[in-house]
Every structure is written in structure tokens, then in C-alpha cells.
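A.B. asks: any chance you can model this:
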Amino acid sequence: MSRFVRDLELDQPIDVVSMVMDDYLFHHQFIRTDWNGEMVFSLRDKYGNQRYLKWSYVNRVFHLEAWVKNLFGGESDLRGAGLGRSEFRRDLNRLLERLKTQNAAQLSGGHIGEDPLHHSNDYEAEHTFHKTNPTQVYPQAGDTQSVDFGEIPETVGTDKTQDETKLWFMVIFAVVFCLAGSFIGLILAAVVIQRASRLHSERGSKMRLLCIVAIVIFMVRIMATFGIGIVSLL
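C.D. replies: Numbers count the residues shown, from 1 in each chain. All right, here's what the predicted structure looks like:
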């Protein structure tokens, strides 16, 4: 796990911290999502990076974790000179400064802005509902009905489609490098197999199958090369 992690001791009530965070998430258009079983917030920035963050406030200690998705689908912290990472890092540092200096009296009117996630106190139930009903809005107290947006089409521009496109490119490179006998192909194939297993779809199965075949070809090639070397020495 590679994340930007900060722990900040604050002299603020939980209401103030929650309102500031609600305001930050709302105005930056973060949405609630699932990251390997964790309930986190995410957005795709103007540079094409997928940003993630999570926070907590316990015993007056504010805990923040943030990262971006790397090329292989894993986590990358915010170090480096990339525009998306440096901008995200600056935004978070400004957020931390605001949390330290926010005047509670300025928030007496309630939440700044609105909560786009239909914020509730029942986080675990909402998280479970989100994972099992990804196309529906979590029912809140006083709601007369749940809103069903229907099946989400897999069109170009959705995160899922973009991730699958990247995986297919990785599959192609894995096969090519494995045919060439390069260990890079072996590494790429292993990464694809791990990521494709999360898709739970026919395309994911095809990706895994192609990578397994590529690995087998790589191993056969290596053993054949080794065998020819042994024979030549005899």
C-alpha cells in the first residue's frame, strides 16, 4: 500500500470537521465508491488520474489517506512531479490548513453546500447496499421510494470500460513479451491475471486465459532454451 497519509491533531468538534469535509467532497465532485473492500471517495481529475481518499476523526485526531490509481491498477502516493499528483497534494494540504483554522461560528447555519452522497449516519449499511445495488440510490429516512437508474451502459468514458481497455493493452504486451522470452511479459501477465479476476465477467476470463497461455509459452521457451544449452555442452 502506497498512500499519502497525514494525522493531524485538531481542536475542533466533529460537526465542524464533518462540514468541512462534506464541503470539500461536494465542491470537488467526489463520489463514494468501493476500493478493494474499503469505502472511499473517488473522482477522475482533468489529467485523467483516478483520485481516492478516505478520512476519519477519532479522539480529536484527523486521519487522512489519499492516493491515485497507477498504470497497473494499484496505489501510488502523491510524490513526484506529475501535474495531477502535485495538484491533489496541494489541495489536500490546503484542506488540512482549513481544518486547523476553521471558525465553528461560520458553520452555524449547517452544512456548506449539499451532500451529493445522501449522507447518513449508517455508513456500513450504506456501503453494503452500494456494493450489492450499484445502480440504485441508498434509501434515506423520509424517502418515499428508491430511485433506480437502470443498468449502467458500458460506454467509452466510464471507469470500468477504461480500466478494461488498459487491461487489454497489458494483455497484448504480455503475450508479445512472453513470446520474445522476456520476463517483462511474465510480470505483466501476472498483474493482468490478478486484476482481471476482479471483473467477474467473460472478458475477464478471456484475459486470464490469454495470460495463462502466454505464461505457459514463456516457460516452454525458457525450458527449451535451457535444454538446448545443456545438449550443446554434452
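
A.B. asks: which other residues reach stretch 219-234?
C.D. replies: With C-beta atoms under 8 Å, 6 or more residues apart in numbering as the test, stretch 219-234 has contacts from 178-179, 181. In short, each C-beta sits where N, CA and C put it, glycine included.

A.B. asks: could you redo the last one with a cut-off of 10 Å?
C.D. replies: Stretch 219-234 is contacted from outside by 178-181, 183, 186, using C-beta atoms under 10 Å, 6 or more residues apart in numbering.

A.B. asks: output it as PDB - backbone C-alpha positions only.
C.D. replies: Only the C-alpha atoms of stretch 219-234 are listed here, as PDB (Å, rounded to 0.1, in the frame of the first residue of the first chain):
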ATOM      1  CA  MET A 219       8.000 -21.300 -19.600                       C
ATOM      2  CA  VAL A 220       8.200 -23.700 -22.600                       C
ATOM      3  CA  ARG A 221      10.500 -21.300 -24.400                       C
ATOM      4  CA  ILE A 222      12.800 -20.900 -21.300                       C
ATOM      5  CA  MET A 223      12.900 -24.700 -20.700                       C
ATOM      6  CA  ALA A 224      13.600 -25.300 -24.400                       C
ATOM      7  CA  THR A 225      16.400 -22.700 -24.400                       C
ATOM      8  CA  PHE A 226      17.800 -24.300 -21.200                       C
ATOM      9  CA  GLY A 227      17.600 -27.800 -22.700                       C
ATOM     10  CA  ILE A 228      19.400 -26.700 -25.900                       C
ATOM     11  CA  GLY A 229      22.100 -25.200 -23.800                       C
ATOM     12  CA  ILE A 230      22.600 -28.400 -21.900                       C
ATOM     13  CA  VAL A 231      22.700 -30.500 -25.000                       C
ATOM     14  CA  SER A 232      25.200 -28.200 -26.600                       C
ATOM     15  CA  LEU A 233      27.500 -28.700 -23.700                       C
ATOM     16  CA  LEU A 234      27.400 -32.500 -24.000                       C
END
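
A.B. asks: what is the rounded mean pLDDT of that stretch?
C.D. replies: Taken as a whole, stretch 219-234 has an average pLDDT of 79.

A.B. asks: and if you look at stretch 45-60?
C.D. replies: Across stretch 45-60, pLDDT averages out at 90.
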